[in-house]
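1. One predicted model, sequence on top.
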Amino acid sequence: MGQMNDRRSKVLLGGLTLAALLPFLNKAYDIDDPLFLWMGQQIMRQPFDPYGGIVHWSSLAQPMWVAMQNPPLCSYYIAAIGSFVGFGEVAIHGAFLLPAIAAVVGTFALAKRLCRSPLTAAFLTLFTPVFLISASHVMCDVMLLAFWMWAIHFWITGLDRSKSNLLLVSAVLITGATLTKYFGISLVPLLLAYTLMRERRVRLHLSYLMIPLLVAVGFELITRAKYGHPLFSSAMLYLRDVAVEVRIPIQIKLLTGCSFVGGSMIGALFLTGIRSAKGVVGGIGFLLLIGALFWTCVPMPADLGVNELAVRFQGCLFATIGASLLALAMWDFRISQDAESLLLLLWMIGTFAFVALLNWSITARTILPMTPAVSILLMRYWDPTGEGKLRTLTKLRWVGAAAVVSLIVAGADYSEAGASRAGARYFQKRFGRKQTQVWFQSHWGFQFYMEQWKAKPLTQNAPIHRGDLIVIPSNNADYVTAPNAAVPVVEITRPIMPLVATFAPATGAGFYSSVRGPVPWAIAHTAPARFEAFKFR
């Protein structure tokens, strides 16, 4: 692997990324995809008013600037693509292959500087459940990662070569990351700490890091003038306010965060590498310690039923992997004591702190930015020389195992999203031509497909009349109690992948929110997606 030239390696990575994601091109829109699509459509109508308009989200009608807690750059990209090819799943998902490829190739470019096995590090980043699932959505996470990787690469390269133009490119990329997802601004303190550790003094080129800060301030002022609220700081305050309202003990946050890190990057299980008998004993002891803490401290959802024992065991394993990765970053810095090891440590610890401590609900998507750092760290530890045919073959086998597991998990997410689309289309065929008003519960992708015909989301104080219909999916969110009695009309089911789940009810899998469960994905008994229709009397 190490002997392949850069161009061949990048072509290989691009081709492999395409091969891994092409099967998901027709994936149904799901979770927060509709918000990004609606903003893209709003931008097409009014390019200078991205947060304009009203959306029905969280069971009530609200302005887009309230519902959408992300900056607009990703939706501008969707608008640009949609204006040429429309908003169909294949077209939009196809456009999002570009940032996915950029993120993987960017990992390789940066890993060349930080470890001896950059190609394997890029493979490991690609073949994680969190990357494959995030890359099969049209949300902003993978686009952020692409900006993130190339911003760090150009900053380090600019320092190596003393090239101001490369530092300027990095600053522009940090700005792009910030306007894609607010977390992108954390690149500024990360690269500041790296530079100070590396050069041991303040130099003029650090002033380039002011560019994204000035743009963030400008975004604050513009949005406050236009919408009455500065959206950057409002998003931060939203996280704080909800976290205060939903009080979760810190030990539960930390252990659940470790579980999400370990499960999201399950490939680390194959590459941790115990190198001595003493290491085996230590590894078992660490597993027992973290497992015991997870088992006793982290509560299980009440609806798990037969899945509870399996979810507990998986949570113990995932939490141990996640805690081991964080400990490995600390060990790497203790041994190396250089700017590169500090970069990886702060990169991982900072992301983990944001994921576990600053959010009221942990989501695997927010873990995505630390995935390349983990992959690079594993290569620094397990393969410090990057040499040897046997070592290369071993890496290939382990990456292959990680790929198989990650593709299965991504396939489970694909099937869950597809069930909502299939259910919505059934009711469109059955009720779409009738004069009766059709309401529905839930949001996410199900809302997107129901609203493509005359169905409307049931919100507070909705004008319901006798004879109206309401459709309720089993995978529900933001439930609103119907004000009138209703009688059953029809019930249908749609299959999802058996035995593996990412967000299916009663499985403990909470990829998109730990409210559903303490693991990002689960091997568990899964039930078909169920949809019920009722008529109001």
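-> Arrived safely. None of these values were measured; they are calculated from a predicted model. Numbering: from 1, shown residues only.

2. residue ranges for the helices of the stretch 151-300 of the chain, please.
-> Using DSSP state H, counting those that start in this stretch, the helices of the stretch 151-300 of the chain run over 164-180, 187-199, 210-227, 231-245, 250-264, 268-271, 277-297.

3. Adding mean pLDDT, mean neighbour count and distance to A67, write those helices out as JSON lines.
-> (C-beta placed from N, C-alpha, C; glycine too.) Shown next, in JSON lines, are the helices of the stretch 151-300 of the chain (pLDDT from 0 to 100; neighbours: other Cβ atoms under 10 Å; distance: least, Cβ to Cβ, whole Å):
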{"stretch": "helix 164-180", "mean pLDDT": "96", "mean neighbour count": "22", "distance to A67": "18"}
{"stretch": "helix 187-199", "mean pLDDT": "95", "mean neighbour count": "18", "distance to A67": "26"}
{"stretch": "helix 210-227", "mean pLDDT": "94", "mean neighbour count": "15", "distance to A67": "12"}
{"stretch": "helix 231-245", "mean pLDDT": "70", "mean neighbour count": "15", "distance to A67": "11"}
{"stretch": "helix 250-264", "mean pLDDT": "93", "mean neighbour count": "25", "distance to A67": "24"}
{"stretch": "helix 268-271", "mean pLDDT": "73", "mean neighbour count": "20", "distance to A67": "35"}
{"stretch": "helix 277-297", "mean pLDDT": "73", "mean neighbour count": "14", "distance to A67": "34"}
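
4. how about the ones you listed in CSV, adding distance to V438?
-> Converted to CSV, the helices of the stretch 151-300 of the chain look like this (distance: least, Cβ to Cβ, whole Å):
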stretch, distance to V438
helix 164-180, 36
helix 187-199, 46
helix 210-227, 32
helix 231-245, 32
helix 250-264, 37
helix 268-271, 46
helix 277-297, 44
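
5. who wins for proximity to R113 among these?
-> Nearest to R113 among those is helix 187-199; the distance by Cβ to Cβ comes to 11.6 Å.

6. for that closest one, packing partners?
-> Helix 187-199 is packed against helix 141-161, helix 164-180, helix 210-227, helix 339-357, with contacts defined by 3 or more Cβ pairs under 8 Å, 6 or more residues apart in numbering; DSSP states H and E.

7. out of the helices of the stretch 151-300 of the chain, nearest to G106?
-> Between the helices of the stretch 151-300 of the chain, helix 164-180 lies closest to G106; by Cβ to Cβ that is 9.7 Å.

8. and the closest one, C-alpha only, in CSV?
-> C-alpha atoms of helix 164-180 as CSV (Å, rounded to 0.1, in the frame of the first residue of the first chain):
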residue,chain,number,x,y,z
SER,A,164,1.0,32.1,2.9
ASN,A,165,-1.3,31.2,0.0
LEU,A,166,-1.8,27.7,1.4
LEU,A,167,-2.7,29.1,4.8
LEU,A,168,-5.2,31.4,3.1
VAL,A,169,-6.7,28.4,1.4
SER,A,170,-7.0,26.7,4.7
ALA,A,171,-8.7,29.8,6.2
VAL,A,172,-11.2,29.8,3.4
LEU,A,173,-11.9,26.1,3.9
ILE,A,174,-12.5,26.7,7.6
THR,A,175,-14.9,29.4,6.7
GLY,A,176,-16.7,26.9,4.4
ALA,A,177,-16.8,24.4,7.2
THR,A,178,-18.3,27.0,9.6
LEU,A,179,-21.0,27.9,7.1
THR,A,180,-21.8,24.2,6.5
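
9. helices or strands up against it?
-> helix 73-85, helix 141-161, helix 187-199, helix 210-227.

10. and the last one, what does it pack onto?
-> I take that to be helix 210-227. Helices and strands touching helix 210-227, by 3+ Cβ pairs under 8 Å, 6+ apart, are helix 164-180, helix 187-199, helix 231-245.

11. do that again at 10 Å, thanks
-> helix 64-67, helix 164-180, helix 187-199, helix 231-245 (3 or more Cβ pairs under 10 Å, 6 or more residues apart in numbering; DSSP states H and E).

12. Tell me which residues are up against that helix.
-> For helix 210-227, contacts defined as Cβ atoms under 10 Å, 6 or more residues apart in numbering pick out 48-52, 63-66, 71-72, 151, 167-168, 170-179, 182, 184-185, 187-188, 229-234.

13. swap the cut-off to 7 Å and go again
-> If you take Cβ atoms under 7 Å, 6 or more residues apart in numbering as the criterion, helix 210-227 is touched by 51, 65, 71, 171, 174-175, 178, 185, 188, 229-233.

14. Low-confidence stretches in the protein?
-> 1-4, 238-246, 270-283, 384-393, 478-484 (pLDDT under 70).

15. Tell me which residue lies nearest the centroid of it.
-> With distances taken as Cα atoms, centre = their mean, R365 lies nearest the centre of the chain, 1.6 Å away.

16. quick one: L288 from M236, how far?
-> To M236, L288 is 38 Å away according to Cβ to Cβ, to the nearest Å.

17. related to what we said a few turns ago, relative to G508, which of the helices of the stretch 151-300 of the chain is closest?
-> Each of the helices of the stretch 151-300 of the chain has some distance to G508 by Cβ to Cβ; the shortest is helix 250-264, at 10.3 Å.

18. Excluding its own residues, what touches that closest one? List them.
-> Contacts for helix 250-264 (Cβ under 7 Å, 6+ apart): 128-130, 293-294, 297-298, 315, 318-323, 325, 352, 355-357, 362, 364, 367, 514, 518-521.

19. burial of W155, as a residue count?
-> A total of 26 residues lie near W155 under the criterion other Cβ atoms under 10 Å.

20. What of the one 5 residues further on?
-> Applying other Cβ under 10 Å, we find 11 other residues in the vicinity of D160.

21. For it, which non-adjacent residue is closest in space?
-> Distances taken as Cβ to Cβ, 6 or more residues apart in numbering put R113 closest to D160, at 7.9 Å, once the chain neighbours are dropped.

22. That neighbour falls within a strand, correct?
-> No: applying DSSP: H, G, I helix; E, B strand; the rest coil, one finds R113 to be helix, outside a strand.

23. Confirm for me that it is in contact with I156.
-> Yes: if you go by Cβ atoms under 7 Å, R113 and I156 touch, sitting 5.7 Å apart.

24. of the two, who's got more company?
-> Neighbour tally, R113 and I156, criterion other Cβ under 10 Å: the higher count belongs to I156, 24 against 14.

25. That one: what's it in contact with?
-> Counting by Cβ under 7 Å, 6+ apart, I156 touches R113.

26. give me that answer again for 8 Å
-> 110, 113, 194 (Cβ atoms under 8 Å, 6 or more residues apart in numbering).

27. M379 too?
-> Residues in contact with M379 (Cβ under 8 Å, 6+ apart) are 111, 115-118, 120-121, 124, 386.

28. Please check those residues and keep the buried ones.
-> Buried members of these, scored by 16 or more other Cβ atoms under 10 Å, are 111, 115-118, 120-121, 124, 386.

29. and M64, how many neighbours does it have?
-> If you count neighbours by other Cβ under 10 Å, M64 ends up with 21.

30. residues contacting it?
-> 35, 38-39, 42, 50-55.

31. can you pull out the strands in the stretch 1-150 of the chain?
-> For the stretch 1-150 of the chain, the strands defined by DSSP state E, counting those that start in this stretch occupy 54-57, 60-63.

32. Sorry, wrong one. I was asking about the stretch 401-537 of the chain.
-> Using DSSP E, counting those that start in this stretch, strands in the stretch 401-537 of the chain cover 438-440, 456-457, 469-473, 486-494, 500-501, 522-523, 529-536.

33. Which residue is the nearest non-sequential neighbour of V130?
-> Nearest residue to V130, sequence neighbours excluded (Cβ to Cβ, 6+ apart): S264, at 3.7 Å.

34. List the contacts of I523.
-> Counted by Cβ under 8 Å, 6+ apart, I523 has contacts 310, 314, 499-500.

35. Could you tell me which of these count as buried?
-> 310, 314, 500.

36. Among those residues, find me the one that's closest to A146.
-> Nearest to A146 out of these is V500 (Cβ to Cβ; 27.7 Å).

37. quick revisit: pretty sure the residue nearest to the centre of the chain is touching V142, no?
-> No: between R365 and V142 there is no contact under Cβ atoms under 8 Å: 9.3 Å.
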